[in-house]
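Q: here is a sequence together with a model predicted from it:
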Amino acid sequence: MPTQRPVPGTDHARWHTARASSATGGCVEVADLGDLVAVRDSKDRSLAPHLHPRGAWREFTARLRTQGAVPVTTDRIRVDVAPDGAVTLHDLAHRTPPHSYTAHEWDCFLDGVRNLEPELACA
């Protein structure tokens with residue numbers, strides 16, 4: 001497993017979650033870092049966040065709006081869905097560990113993406 005190192009620019013980032021996940025605890029967290037978008041799992045912040053160019057993240061969220069929870073793959077991001085609905089999010093461009101979300105956590109995130117919550121799309 002890769003060694004965890006601090007990721008520049010994420011120490012003081014403003015992390016956002018979908019409005020639907022505000023009371024649930026664990027969730028997909030997204031931070032706008034300018035040219036990059038950082039994504040992490042609020043349940044395990046010891047894992048390095050995934051970093052994606054803004055355009056790649058926009059492409060990914062656009063696909064989520066049309067495809068939903070089915071497996072989605074772009075050049076940089078892959079989503080695997082288990083039979084129970086749990087989701088694993090992979091950063092294909094970096095050697096960072098995948099992030100895992102329950103079906104409920106992912107549904108809350110999808111709700112925010114579908115409702116075009118700007119903090120999640122980093123528009």
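A: Cool, the structure landed.
Q: can I assume F60 sits in a helix?
A: Yes - under DSSP: H, G, I helix; E, B strand; the rest coil, F60 falls within a helix.
Q: give the closest residue to it in space, chain neighbours not counted.
A: In this structure, F60 finds its nearest non-sequential neighbour in I77, 4.9 Å apart by C-beta to C-beta, 6 or more residues apart in numbering. Where C-beta positions appear, they are placed from N, C-alpha and C, glycine not excepted.
Q: who are the packing partners of the host helix or strand of L89?
A: Here L89, judged by DSSP states H and E, is contained in strand 87-91. Applying 3 or more C-beta pairs under 8 Å, 6 or more residues apart in numbering; DSSP states H and E, one finds that strand 87-91 makes contact with strand 50-53, strand 77-81, strand 99-101, helix 103-114.
Q: contact partners of the helix or strand bottoming out on mean pLDDT in the chain?
A: Within the chain, no helix or strand scores below strand 72-73, which has a mean of 82 by mean pLDDT, DSSP states H and E. In this structure, residues lying in contact with strand 72-73 by C-beta atoms under 8 Å, 6 or more residues apart in numbering are F60, R63, L64, R78, V79.
Q: can you redo the helices and strands packed on strand 87-91 as CSV with mean neighbour count?
A: As requested, those are exported to CSV (neighbours: other C-beta atoms under 10 Å):
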stretch, mean neighbour count
strand 50-53, 22
strand 77-81, 18
strand 99-101, 21
helix 103-114, 20
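Q: same list (the ones you listed) but as JSON lines, adding distance to D11 and mean pLDDT.
A: Putting those into JSON lines (distance: least, C-beta to C-beta, whole Å; pLDDT from 0 to 100) gives the following:
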{"stretch": "strand 50-53", "distance to D11": "14", "mean pLDDT": "93"}
{"stretch": "strand 77-81", "distance to D11": "23", "mean pLDDT": "91"}
{"stretch": "strand 99-101", "distance to D11": "19", "mean pLDDT": "93"}
{"stretch": "helix 103-114", "distance to D11": "23", "mean pLDDT": "90"}
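Q: for L89, find the nearest of those.
A: Closest to L89 of these is strand 99-101 (C-beta to C-beta; 4.6 Å).
Q: understood, closing this out.
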